[in-house]
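Undergrad: Coordinates for the following, if possible.
(one chain, ligands or ions: 1)
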Amino acid sequence: MSAKRLATVMVLVVATGFIGGYAQYRWRESRDLTCLSNLCILGAASQMYLADFNDTLPPAENWVDDLLVYTRSGSGDVTKCPFERSAARSSYGLNALVAGKPYAQIEDPGRTVLFYETAHPGDNPSGGSDDVVTPVRHVPGNAYTYCNGVGGRWSMTVPRFDPGKPPRMGGATGAVGETQPARIARRRAARGGRSSVTVSQIRSRSTSK
Ligand SMILES: [Zn+2]
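TA: Numbers count the residues shown, from 1 in each chain. A predicted model of the protein is given here:
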């Protein structure tokens with residue numbers, strides 16, 4: 001083989017490898033985005049559920065059915081990470097520590113997990129921090145939705161599952177020395193941090209991908 005021909009073959013091999021690598025990158029990336037989009041939709045559905053059910057989060061036993069009625073498809077598509085291989089309906093779990101709880105009892109909704117990628121998919125999976133799938137499913141980490149409805153967000157580490165203690169009058173909870181009005185103001189501010197994402201925004205986001 002002449003040197004010129006060898007050089008041409010080498011260029012082709014490198015180019016093929018590059019294109020293949022890029023195609024795989026795009027393949028993974030589209031699945032990453034689908035997972036984030038699913039958790040974003042579930043977050044919005046949880047906010048609609050709160051509005052309809054007296055500001056209480058869905059119970060662990062039936063949360064998938066309870067939330068699917070608030071999604072456009074109404075099917076289990078949004079409850080499965082594209083990397084999940086099992087036939088189970090949901091690859092996302094509901095944080096058992098917040099399931100069925102009044103929203104007001106969650107100390108820091110923006111940092112407390114609502115949905116996570118579970119190691120035990122099922123019909124209505126629910127569990128704690130030790131139920132998070134390992135190793136992480138995506139290059140940027142696992143996807144999560146937080147109790148304020150914001151999702152999905154990547155995290156390489158397992159975020160907070162403990163919702164904190166329920167508020168009590170005269171309170172042992174909250175910052176040391178915090179007065180009742182200050183506590184109420186802090187809780188109002190936390191609630192103000194709830195997602196203001198509308199369904200139409202989510203739809204336009206998912207269709208623009
Ligand atoms: Zn995922």
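
Undergrad: now for the strand ranked longest in the chain, which elements pack on it?
TA: The residue-count maximum for a strand in the chain (DSSP state E) belongs to strand 113-122. Other elements packing on strand 113-122 under the criterion 3 or more Cβ pairs under 8 Å, 6 or more residues apart in numbering; DSSP states H and E are helix 3-52, strand 90-95, strand 142-146. Bear in mind the C-beta positions are built from the backbone N, C-alpha and C, glycine included.

Undergrad: That strand vs strand 90-95, what angle?
TA: Following axes from the mean of the first three to the mean of the last three Cα atoms, to 10 degrees, one obtains 130 degrees for the angle between strand 113-122 and strand 90-95.

Undergrad: gap between strand 113-122 and the chain center?
TA: From the chain centre to the centre of strand 113-122 is a distance of 9 Å (Cα atoms, centre = their mean, to the nearest Å).

Undergrad: where's Ser155 relative to Tyr70, distance?
TA: Distance from Ser155 to Tyr70, counting by Cβ to Cβ, to the nearest Å: 25 Å.

Undergrad: if we can go back for a sec, could you say which one of the helices and strands packed on strand 113-122 comes nearest to Asp131?
TA: Asp131 lies closest to strand 90-95 among the helices and strands packed on strand 113-122, at 5.7 Å (Cβ to Cβ).

Undergrad: does that closest one come close to the ion?
TA: No - Strand 90-95 lies apart from the ion when judged by Cβ under 5 Å from the ion; the minimum separation is 7.1 Å.

Undergrad: Would you give the sheet partners of that strand, along with the direction of each?
TA: Strand 90-95 pairs in its sheet with strand 113-122 (antiparallel), strand 126-127 (parallel), by DSSP bridges.

Undergrad: Give me the contact list for the last one.
TA: Residues outside strand 126-127 that contact it (Cβ atoms under 8 Å, 6 or more residues apart in numbering) are Ala60, Trp63, Gly93, Leu94, Asn95, Ala96, Ala99, Thr118, His120.

Undergrad: Show the pLDDT at Ala51.
TA: Note for Ala51: predicted pLDDT of 97.

Undergrad: That one and Asn62: what is the separation?
TA: 18 Å.

Undergrad: coming back round to it: mind giving me the ChimeraX select for the contacts of strand 126-127, buried ones only?
TA: Buried residues within the contacts of strand 126-127, by 16 or more other Cβ atoms under 10 Å, are selected in ChimeraX with:
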select :60,63,93,94,95,99,118
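
Undergrad: now the strands paired with strand 90-95 as TSV including distance to Ile41 and mean pLDDT?
TA: Output for these, formatted as TSV (distance: least, Cβ to Cβ, whole Å; pLDDT from 0 to 100):
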stretch	distance to Ile41	mean pLDDT
strand 113-122	11	97
strand 126-127	19	98
